[in-house]
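**Student:** quick one, what's the 3D model for this:
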Amino acid sequence: QVQLVESGGGLVQTGGSLRLSCAASGRTFSTYVMGWFRQPPGKEREFVAAIDRWGWSRSYAVFVEGRFTISRDNARNTLTLQMNSLKPEDTAVYYCAAGRSTSQSEAEYDYWGQGTQVTASS
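**Tutor:** Okay, here's the model as predicted:
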């Protein structure tokens, strides 16, 4: 089992950057695939990015590719999402999740953080 806590959200102007972190408890962090999801206001939660257990393979949603970078540090039990060139449509609650495969489906992720708000203003 793993517990996840996100941090780093906030208010940023269009074109700005934010770095989200997800701290994981327990000794099993390196056994999980990790992902970031987001839920925009009034919409369903959607996939943003995923990274495999060793940090070798990454996948991204089309709408963030080239702007966001997912990374992990297994020694520090930390997952990171570097977000650049933020747009108003990136406004959402961002969640980190631990799962079994680098899938875009929420069903493949077993553990979730509480979320952190990101607001990009125009």
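**Student:** quick one: contacts for the spatially most central residue of the chain?
**Tutor:** The C-alpha lying nearest the average C-alpha coordinate of the chain belongs to residue 36 (CA atoms, centre = their mean; 2.5 Å). Contacts for residue 36 (CB atoms under 8 Å, 6 or more residues apart in numbering) come out as 20, 22, 48-50, 70, 79, 81, 94-97. In this view, the C-beta of every residue, glycine as well, is placed from N, C-alpha and C.
**Student:** and the helix or strand containing it, what's its mean pLDDT?
**Tutor:** Counting by DSSP states H and E, the element that carries residue 36 is strand 33-39. Strand 33-39 carries an average pLDDT of 98.
**Student:** in it, what's buried?
**Tutor:** Buried residues in strand 33-39, counting neighbours by 16 or more other CB atoms under 10 Å, are found at 33-38.
**Student:** can I get stretch 10-28 in CSV? Just the C-alpha atoms.
**Tutor:** Taking Å, rounded to 0.1, in the frame of the first residue of the first chain, the C-alpha atoms of stretch 10-28 are listed here in CSV:
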residue,chain,number,x,y,z
GLY,A,10,-1.2,27.5,-7.3
LEU,A,11,-2.1,30.5,-9.4
VAL,A,12,0.1,31.3,-12.5
GLN,A,13,-0.3,33.6,-15.5
THR,A,14,-0.7,32.2,-19.0
GLY,A,15,2.7,31.1,-20.3
GLY,A,16,4.1,30.5,-16.8
SER,A,17,5.4,27.4,-15.1
LEU,A,18,4.6,25.3,-12.1
ARG,A,19,6.3,22.2,-10.7
LEU,A,20,4.0,19.7,-9.0
SER,A,21,5.3,17.1,-6.5
CYS,A,22,3.8,13.9,-5.2
ALA,A,23,5.4,12.5,-2.0
ALA,A,24,4.8,8.8,-1.5
SER,A,25,4.9,6.9,1.8
GLY,A,26,6.1,3.4,2.3
ARG,A,27,8.9,1.3,0.8
THR,A,28,7.0,0.1,-2.2
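**Student:** who's in contact with that stretch?
**Tutor:** 1-9, 32, 34, 36, 77-88, 94, 96, 98, 113, 116-122.
**Student:** what about burial for these, which qualify?
**Tutor:** With burial judged by 16+ other CB under 10 Å, the buried subset of the contacts of stretch 10-28 is 2, 4, 6, 8-9, 32, 34, 36, 77-81, 83, 86, 94, 96, 98, 113, 116, 118-120.
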